[in-house]
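Trainee: Here is a sequence together with a model predicted from it:
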Amino acid sequence: MKNEKKKREISRGRAINNNIYATKLLVKLCPSMVVHGAISRFLGYFEWLFYSAFFMRFVINSLQSGDSFGRIMIFVAIVTVVACAMSFYDKFLVGYRFPINNVIVNKELYKLLFKKSRNVELECFENSEFYDKYTLAMEKADTRLVETVHAVFNTIFGAIAGVCAFVFMFQVDKISVLFLIFPAIGNFVFNRMISHIDYDRNKDMNPHNRRIAYINRVMYLPEYAKEMRLTDVFSLMRRQYKEAITGLADVTKKYTKKAMVLHWLYVMFTFTFIFEGLLIYGAFCTLVRGSMSLAQLSVITSMMVSTTWILIGFTESLTSLFKNGLFIEYLRTFLEYKEKISENYEGIDPGTEIKTLEFRDVSFSYKDKKVLSHLNMEFRGGKTYALVGHNGAGKTTLIKLLLRLYDPTEGEILLNGRNIKEYDLKKYRALFATAFQDNRMFSMSVTDNVVMGENIPEAKKIERVEEALKLSGAYDKVMSLKHGMGTTLTNEFDDEGAVLSGGESQKVVVARAFVKQCPFKVFDEPSSALDPIAEATLFDNIYETCKDNTLVFISHRLSSVQNADWVYLLSDKTVKEEGTHRMLMEKHGLYADMYTKQAKNYLAISGGAC
């Protein structure tokens, strides 16, 4: 119990600390939002207390004491002018200042978030726990940050206003402050119990809501349309939907009685007891005992309304602080995360020449699972290398290590005799052009999807892209599109956009490697989605175009590696065999066995076709 309490206290302390962090962050992003937000909240509470505690008492006392009508009207006029000024300021904030500030916050905050997401290492995106927190931090981050800071000021000024209300009522009548116990109990006891019930109910409803959301999504997504019409799976989905609805009804029944009683108690304590009780008590003191003046009665009746809403606002703000504390925790964790591989690392300039690139006794583990173990290999400048092996042998991981998307767990990678960690990261990666098999098309023109932001003079860009598309085999398809190389890929934002097939997309990705001028080029399964004729043409173009480059390609089809200068076969997390194609075939080892089996399959397919 003590440990659980300690954890809760630490959690609350962290939540408060997170709200302070949020306020400091918003000050950094947009000081105007914080200043005007604080003033706005202060004036709001001040207005409530002024009219409840001072304005009514002054007017009634003046009328009872026989003050001149002119003097009262001057006071009312001054108050009216001030109130109009405050109202104008509020409308200025709502209609002009806050919308502009919201844009500034959005711009500056997402600039920070995008910069951070660009800088964190690839491992973070492959870590589900980190990625979940990252997506939660990104979701409506600007709006939630502003709401959090507003809740901070509402809590601070709400607490001050609550104390002031207590003091004002105590000055009027000491017993009247006892009635404040009722809304305090209503807000801090029953409202909190209601929040716990809402949380438990939502948690119990979540599996059913997720099932309903899934069914709703399946019913309109195009990829499910054929199965819906060609099978009777609809009846199964309908049954699951009914079960989910029944589950929601059962959960609702489970909590209804208790929630209803607590809501009734909340309303009675928060509103009824203080409103009716204090009004009866004030009337008794004024009309029966004569211990309270009409002005004092007006103050008490006004204060009971203001104090009730102040307490409600304070409670809701306090609840928001702890609830928003979790969002800020995600945001803070992400922004304060210390990168293992900083994208901004400024080290030694690697130059533009690659003499050797060596893996020396490299091991790598991912999530405590060893992927590579004591691997040794060397790439020499201007040579062609093939990486082959079964799925999961670590070929793509090796390339990610080469590009310093990861760092080895053990061992080192050397470029021209120096550990690659010593080099300026951006300049080091600029030495490589890559075409990964898990390619992605961006919602941009074909030209931009090929160039990918490379600094190519505008006068030569079109020519270079055309040449790259021809070499990859994508040119004819691209030029058949409505806007040619200007066609937007994907139709997410453009109704005239094009959605390419897997093979066509792969060719565009290969074109990216062709268009980039650099000494080292990597092709990861560049022909996996291509037919044999297109594959043969592509490899001829790769060998011819990249003959002056250091070339590394990964391929499952061993027929395509025969012309490589050197072949590395990966198995059991390390290099099992290496040599030229002829050398490996003469060894009659694992490579020769794989090649022979693939050759037999090709012959069988050819025979069947005849």
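Mentor: That came through, no problem. Numbers count the residues shown, from 1 in each chain.
Trainee: Check which helix or strand the residue nearest the centre of the chain maps to.
Mentor: Of all residues in the chain, the one closest to the mean position by CA atoms, centre = their mean is residue 135, 2.2 Å from it. With the criterion set as DSSP states H and E, the secondary-structure element containing residue 135 is helix 128-138.
Trainee: Check what pLDDT residue 601 gets.
Mentor: Listed pLDDT for residue 601 reads 61.
Trainee: just checking, next helix/strand downstream of the helix or strand encompassing residue 570?
Mentor: Element membership for residue 570 (DSSP H and E) is strand 566-571. The C-terminal neighbour of strand 566-571 among helices and strands, as given by DSSP H and E, is strand 574-579.
Trainee: Adjacent strands (with direction) for that following strand?
Mentor: Taking DSSP bridges as the criterion, strand 574-579 forms sheet pairs with strand 566-571 (antiparallel).
Trainee: who touches the partner strand?
Mentor: Residues outside strand 566-571 that contact it (CB atoms under 8 Å, 6 or more residues apart in numbering) are 375, 377, 383-390, 393-395, 398, 561, 575-581, 584, 590-591. C-beta here means a position set from N, CA and C on the backbone, and glycine is covered the same way.
Trainee: Okay, and which of the residues you listed map to helices?
Mentor: Counting by DSSP state H, the members of the contacts of strand 566-571 that fall within helices are 395, 398, 581, 584, 590, 591.
Trainee: thinking again about what came up before, from residue 331, how far off is the residue nearest to the centre of the chain?
Mentor: Relative to residue 331, residue 135 is positioned 12 Å away (criterion: CB to CB, to the nearest Å).
Trainee: In a helix, residue 433, correct?
Mentor: No. Checked against DSSP: H, G, I helix; E, B strand; the rest coil, residue 433 lies outside a helix; its state is strand.
Trainee: number of nearby residues for the closest residue to it other than its chain neighbours?
Mentor: Nearest in space to residue 433, with sequence neighbours left out and distances taken as CB to CB, 6 or more residues apart in numbering, is residue 516 at 3.9 Å. Counted with other CB atoms under 10 Å, the burial measure for residue 516 works out to 20 neighbours.
Trainee: Distance check, residue 516 against residue 471.
Mentor: With the distance defined as CB to CB, residue 516 ends up 12 Å from residue 471.
Trainee: related to what we said a few turns ago, the residue nearest to residue 433 against residue 455, yeah?
Mentor: No. In this structure residue 516 lies outside contact range of residue 455 using CB atoms under 8 Å: 10.4 Å.
Trainee: So among the contacts of strand 566-571, which ones count as buried?
Mentor: With neighbours counted using 16 or more other CB atoms under 10 Å, the contacts of strand 566-571 contain these buried positions: 375, 377, 384-389, 393-395, 398, 561, 575, 577-579, 581, 584, 590-591.
Trainee: Just confirm residue 12 contacts residue 322, I think it does.
Mentor: Yes. With the criterion set as CB under 8 Å, residue 12 and residue 322 qualify as a contacting pair; they are 6.9 Å apart.
Trainee: which residues do these two both contact?
Mentor: Listed as contacting both residue 12 and residue 322 by CB under 8 Å, 6+ apart is no residue at all.
Trainee: residue boundaries of the strands in this structure?
Mentor: Residue ranges of the strands in the chain, as given by DSSP state E, are 356-366, 369-380, 384-388, 410-415, 418-419, 432-435, 520-524, 550-554, 566-571, 574-579.
Trainee: quick one: which of those strands is nearest residue 537?
Mentor: The closest of the strands of the chain to residue 537 is strand 520-524. By CB to CB, the value is 14.1 Å.
Trainee: That closest one relative to strand 410-415, how many degrees between them?
Mentor: For strand 520-524 and strand 410-415, the angle between their directions (axes from the mean of the first three to the mean of the last three CA atoms, to 10 degrees) works out to 130 degrees.
Trainee: Only the C-alpha atoms, please, for strand 520-524, written as PDB.
Mentor: Listed next in PDB are the C-alpha coordinates belonging to strand 520-524 (Å, rounded to 0.1, in the frame of the first residue of the first chain):
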ATOM      1  CA  PHE A 520      28.600   4.100 -53.600                       C
ATOM      2  CA  LYS A 521      25.200   2.600 -54.700                       C
ATOM      3  CA  VAL A 522      23.100   0.000 -53.000                       C
ATOM      4  CA  PHE A 523      20.200  -1.900 -54.600                       C
ATOM      5  CA  ASP A 524      18.100  -4.000 -52.200                       C
END
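Trainee: Span of stretch 54-71 from start to end?
Mentor: Between the start and the finish of stretch 54-71 there is a gap of 16 Å, counting by CA to CA, to the nearest Å.
Trainee: Any buried residues in it, and which?
Mentor: 55, 56, 57, 58, 59, 60, 62.
Trainee: Please apply the same query to stretch 583-594.
Mentor: 584, 590, 591, 592, 594.
Trainee: Also stretch 509-520?
Mentor: Neighbour counts using 16+ other CB under 10 Å place 509, 510, 511, 512, 513, 514, 515, 516, 518, 519, 520 of stretch 509-520 among the buried residues.
Trainee: what's the answer for stretch 235-251, then?
Mentor: For stretch 235-251, a neighbour-count test (16+ other CB under 10 Å) marks 237, 241, 244, 247, 248, 251 as buried.
Trainee: Which residue comes closest to the last one once chain neighbours are left out?
Mentor: In space, residue 251 comes closest to residue 204 once its chain neighbours are excluded; the distance is 4.6 Å by CB to CB, 6+ apart.
Trainee: Please, where are all the helices along the stretch 201-350 of the chain?
Mentor: For the stretch 201-350 of the chain, helices defined by DSSP state H, counting those that start in this stretch occupy the ranges 225-230, 233-267, 273-283, 294-335.
Trainee: Let me know the pLDDT of residue 142.
Mentor: The predicted local distance difference test score for residue 142 is 88.
Trainee: Which residue, neighbours along the chain excluded, lies closest to it?
Mentor: Closest residue to residue 142 in three dimensions, ignoring its sequence neighbours and counting by CB to CB, 6+ apart: residue 106, at 4.2 Å.
Trainee: Would you confirm that that neighbour contacts residue 144?
Mentor: No. Under the criterion of CB under 8 Å, residue 106 is not in contact with residue 144, lying 11.6 Å apart.
Trainee: Any idea how many residues pack against residue 283?
Mentor: Summarising burial for residue 283: neighbours were counted as other CB under 10 Å, giving 13.
Trainee: from what I can see it touches residue 297, true?
Mentor: Yes. In this structure, residue 283 sits in contact with residue 297. The criterion is CB under 8 Å, and the distance is 7.4 Å.
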